[in-house]
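1. Just the structure for this:
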Amino acid sequence: MKYALLIYSNAHAWDGLSEEERNAQMGEYMAISSSPGILGGEELAGTDTATTVRVQDGNTLTTDGPFVETKESLGGFYLFEADDLDAALELAARIPAARNGGGVEVRPVVEH
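-> Below is the predicted model of the structure:
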């Protein structure tokens, strides 16, 4: 089964880390990237670069930036193939954002 591990980061917590701590955590992210079962993943640009698209009454509406103010924002993801949810949860617990005031949402991927 494939799982999306959606990484929600707390920018304030990241900003509070020293350069040495940031480098160490980036190393952890890179190590996870090369873990068995990882099929891909990417870091996302900040929410201030986002554009939200909605269609109402046949009209396309766009909004710059995030729609709401949040403490956490989607900062990246991994796509992980594992035998069961427990393996995905175990990997998610290793992601630094999970212990830095953010969280990791683990979702099964629906395959058609």
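2. Please list all residues in contact with the residue of the chain positioned farthest from its centre.
-> In the chain, counting by Cα atoms, centre = their mean, D57 sits farthest out from the average C-alpha position, at 32.1 Å. Applying Cβ atoms under 8 Å, 6 or more residues apart in numbering to D57 gives no contacts. Glycine gets a C-beta too; all of them are placed from N, C-alpha and C.
3. Also the one 4 residues further on?
-> By Cβ under 8 Å, 6+ apart, the contact set of L61 is 53-55.
4. do the same with G41
-> Taking Cβ under 8 Å, 6+ apart, one finds 5, 33, 76-79 in contact with G41.
5. With respect to G103, which of these is nearest?
-> Here the nearest of the contacts of G41 to G103, counting by Cβ to Cβ, is L5; it sits at 10.6 Å.
6. wait, that closest one sits on V109?
-> No - counting by Cβ atoms under 8 Å, L5 stays clear of V109, with 10.6 Å between them.
7. Give me the pLDDT value at the residue farthest from the centre of the chain.
-> D57 is assigned 96 on the pLDDT scale.
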